[in-house]
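In: Need a 3D model of the following:
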Amino acid sequence: MALTQVDHLVYAAPDLETGVARVAETLGVEPAPGGRHPDWGTRNYLVALGARSYLEIIGPDPEGIQPDGPLMFGLHALGEPRLVTWAAQTSELGPLVAEAKQVGVDLGDVLAGSRTRPDGSAVRWHISDPTLLHGDGLVPFFIDWADSEHPATRAPQGGRLVGLRGEHPDPEG
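Out: Next up is the predicted model:
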């Protein structure tokens, strides 16, 4: 499989403005509006963590269409903002999802996603189902940006991601 790197960290907030303020205070940089996810009832802000990595601050979009089921990343159940999962970038999403299923890891269906940036331009991607949080979010979901410009290129630089380490109380599970 063609995993290239950590694509982004997902910091979810039940109140997006609170999440953005916490990140701004912690990193000393004002996150930039990313846009709305019209099909998912969410919107986001971004901070670049390198040339092709970023921090996504995501929360409910009170002005958007609310989905029938729960919001992604467990937003409906969060009491306060926190890091909930991460995404790994791949250029071979379909084969990766199929291979994972063969070894007993269900990454769900490959879904198409999009959002409209504040300047009106569109960003499109394909992802493994982000509502399936394996290992409490320690196992990533996967994303393929295809021909879209990577979001880190337009986001304010907020540091550099130099490593990612995770631990879980039930490593066998």
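
In: out of all of them, which helix in the chain is the longest?
Out: The residue-count maximum for a helix in the chain (DSSP state H) belongs to helix 16-27.

In: And the contacts of that one?
Out: Taking contacts as CB atoms under 8 Å, 6 or more residues apart in numbering, the residues outside helix 16-27 that touch it are 11-13, 30-31, 43-45, 47, 55, 57-61, 80-81, 158-159. (Glycine included, C-beta is placed from N, CA and C.)

In: in what helix or strand does the most centrally placed residue in the chain lie?
Out: Closest to where the C-alpha atoms of the chain average out (CA atoms, centre = their mean) is residue 10, at 4.5 Å. Using DSSP states H and E, residue 10 sits within strand 3-12.

In: Parallel or antiparallel, which strands does that strand pair with?
Out: As defined by DSSP bridges, the strand partners of strand 3-12 come to strand 53-60 (parallel), strand 82-90 (antiparallel).

In: Give the buried residues for the last one.
Out: What it means is strand 82-90. Within strand 82-90, the residues that qualify as buried are 84-90, counting by 16 or more other CB atoms under 10 Å.

In: now these in a markdown table, with pLDDT and distance to residue 39?
Out: As requested, these are arranged in a markdown table below (pLDDT from 0 to 100; distance: CB to CB, whole Å):
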| residue | pLDDT | distance to residue 39 |
| --- | --- | --- |
| 84 | 94 | 19 |
| 85 | 94 | 19 |
| 86 | 94 | 22 |
| 87 | 94 | 18 |
| 88 | 93 | 22 |
| 89 | 93 | 21 |
| 90 | 92 | 22 |
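
In: With distance to residue 69 added, can I get the residues you listed in CSV?
Out: Listed next are the buried residues of strand 82-90 as CSV, based on distance: CB to CB, whole Å:
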residue, distance to residue 69
84, 17
85, 18
86, 22
87, 21
88, 25
89, 27
90, 26
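
In: Assess the claim that residue 51 and residue 155 are in contact.
Out: No - applying CB atoms under 8 Å, one finds residue 51 not in contact with residue 155, separated by 10.8 Å.

In: Alright, I will stop here.
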